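**Q** predicted model and sequence below, questions to follow.
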Amino acid sequence: MANDKKLVEAITSMEEDFAQWYTDVVKKAELVDYSSVRGCMILRPAGYAIWENIQKELDRRFKETGVENVYMPLFIPESLLQKEKDHVEGFAPEVAWVTHGGLEELPERLCVRPTSETLFCDLYSNIVQSYRDLPKLYNQWCSVVRWEKTTRPFLRSMEFLWQEGHTAHATAEEAEERTIQMLNVYADFCEEVLAIPMIKGRKTDKEKFAGAHATYTIEALMHDGKALQSGTSHNFGDGFAHAFDIQYTDENNKLQYVHQTSWGMSTRIIGAIIMVHGDDSGLVLPPRIAPTQIMVIPVNQRKEGVLDRAYALRDELSSRFSVKVDDSNKSPGWKFSEQEMRGIPVRIEIGPKDIEANQAVVVRRDNREKTIVSLDNITEAVAAILEQMQADMLARAIAHRDENTHEVRTWDAFTDVLTRKQGFIKAMWCGERACEEAIKEETGATTRCMPFEQEKLSDVCVHCGKPAKVMVYFGKAY
RNA sequence: CGGCGUGUGGCUCAGCUUGGUAGAGCGCUUCGUUCGGGACGAAGAGGUCGCAGGUUCAAAUCCUGUCACGCCGACCA
């Protein structure tokens, strides 16, 4: 009983206070710590390792499509940033400036990159001459800085890690194709590896990227019914090419402007992992992204042979999985709770009784299901359990999203959902910005995207009653 | 940026109203006993009270300012 009490106190329950639950999990799982710089987070080993796995997996998928990695400078001269009008206006309010070098004031201010479109454009204007130079398919892994007013670990920090891909193409068609291709890379990655289902669609003009012709997005639904924009892919058309004079000579010796794209995913996605899969005991990591997949917990470890058997088990499983032994001088119960808090997918309990019976107890993190497994074929058994867990997590996330997606045909129903249930709202929209802004003003809900998979729910806009143009996902967002 | 709230050993907090030598629990260290859902005993280490200024014989406590964090709102590709 006393132990139960302690557990309850450790992490605030989701029901009671979701925001506090999130903060508790992030801290208790030791993913992040606050730093001495306002709004900047420290990624601790457990958090950074998740990012490293995300990087590894995404990087491989990018390269399979022909993308190459580069690294651009941290600083952007003010004059360069200002070349594309919409772009500057979009980012100006949240840019950090360097004004001094040592003791001397700089002749021209440098901004700390909030994103690197301008640098890539500058580069492309120099290195693209001929249609033979195209396409350029570059990506960089880096951090960017945006002077945010309020911050939360992973979801919004002033400096964050991400990747930004920037491509230049000969034709508009090719650029559009690449934009969609990368959106699909993100969506597939999220589903297959992170077990997070995504709604794919296009952003409205109001929500699109500063300077883009079209922005596509993947949107996920969190456990509390709020939406999280999880990755974006932009088609710039030839807008930046005109601003930066990126021209090439085509097969007919005519000058043409390139068509560009950019696409990004950030450490914010780790926030999605936490808020989609986590529970009241802490983090739950999908097996395919977990830095440590298995924790072996010896029981009665001071008894002759127990620790040795645990180490042997680790060594055996290490050929296929990432495994650790918790041989600290804590009680088993403490270790169980710790493993659960950290979201390690599977733990294996092994004690004197097990060793005698040539078995171990395998426990899944997501549903706490216990399986007694023979030590003779434990690698195969654990592989099957991890696979099943990965699949079940995705299935649960899809079920949760579907249960919390509401088709709405009237304004009353729209506001009713927001006050009582939250979640995604599918509704028809007239396509007018003023109407979109009014909806946000009245309810706090924003357009998340115009999904690729369209349905015709009615003939009129859910808010203003004018003829409807498109079905939109609405929701309250992080 | 606006409203509300919070800053006291590593953590959670008490003390502040009514100024007078800084407390508790957890954690940590050492030794011993334990070990199948956050074990127990003994002995130890560790803080100058977010920061700066002021009032006072005397400030964690009163006053002013400031910084950070949290929540809500505004803002945010």
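**A** Looks like it came in fine.

**Q** how about the helices in the stretch 151-300 of chain A?
**A** Here the stretch 151-300 of chain A has its helices, by DSSP state H, counting those that start in this stretch, at A:172-192, A:239-244, A:268-277.

**Q** reformat those helices as CSV; add mean pLDDT and distance to residue A:88.
**A** Just so you know, the C-beta spots here come from the backbone N, C-alpha and C atoms, and that holds for glycine as well. Below are the helices of the stretch 151-300 of chain A laid out as CSV (pLDDT from 0 to 100; distance: least, C-beta to C-beta, whole Å):
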stretch, mean pLDDT, distance to residue A:88
helix A:172-192, 98, 22
helix A:239-244, 95, 10
helix A:268-277, 95, 24
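
**Q** what's the closest of those to RNA strand B?
**A** Of all the helices of the stretch 151-300 of chain A, it is helix A:268-277 that lies closest to RNA strand B, at 8.4 Å by C-beta to the nearest atom of the strand.

**Q** quick one, which of the helices of the stretch 151-300 of chain A is packed in tightest?
**A** Greatest average neighbour count among the helices of the stretch 151-300 of chain A goes to helix A:268-277 (a mean of 24), per mean count of other C-beta atoms under 10 Å.

**Q** and the angle for that one with helix A:172-192?
**A** Put simply, helix A:268-277 runs at 40 degrees to helix A:172-192, going by axes from the mean of the first three to the mean of the last three C-alpha atoms, to 10 degrees.

**Q** now the phi/psi pair for the residue of chain A most remote from its centre, please.
**A** Distance from the C-alpha centroid of chain A peaks at residue A:304, with 45.7 Å (C-alpha atoms, centre = their mean). Here is the backbone geometry of residue A:304 (degrees, to the nearest 10): phi -40, psi 120.

**Q** of all the helices of the stretch 151-300 of chain A, which one is nearest residue A:66?
**A** Nearest of the helices of the stretch 151-300 of chain A to residue A:66, taken as C-beta to C-beta: helix A:172-192 at 9.7 Å.

**Q** so the closest one, near RNA strand B or not?
**A** No: no part of helix A:172-192 sits near RNA strand B under the criterion C-beta under 7 Å from any atom of the strand; the closest distance found is 12.7 Å.

**Q** separation between the residue nearest to residue A:203 when sequence neighbours are not counted and residue A:227?
**A** Ranked by C-beta to C-beta, 6 or more residues apart in numbering and with sequence neighbours excluded, the top spatial neighbour of residue A:203 is residue A:215, at 4.1 Å. With distances taken as C-beta to C-beta, to the nearest Å, residue A:215 is found 15 Å from residue A:227.

**Q** for the stretch 351-478 of chain A, just list every one of the helices.
**A** In the stretch 351-478 of chain A, the helices defined using DSSP H, counting those that start in this stretch lie at A:352-357, A:378-403, A:411-420, A:433-443.

**Q** and if you look at the stretch 1-150 of chain A?
**A** Secondary structure of the stretch 1-150 of chain A (DSSP H, counting those that start in this stretch): helices at A:2-10, A:18-28, A:45-64, A:78-81, A:85-91, A:117-127.

**Q** please identify the most buried of the ones you listed.
**A** helix A:117-127 (a mean of 21).

**Q** so what sits opposite residue A:298 in the bridge?
**A** In this structure, residue A:298 bridges to residue A:350 when assessed by DSSP bridges.

**Q** where does it land on pLDDT?
**A** According to the per-residue confidence, residue A:298 scores 96 in pLDDT.

**Q** before we move on, the earlier item: just the helices of the stretch 351-478 of chain A: most buried one?
**A** Each of the helices of the stretch 351-478 of chain A was scored by mean neighbour count; the highest is helix A:378-403, a mean of 17, by mean count of other C-beta under 10 Å.
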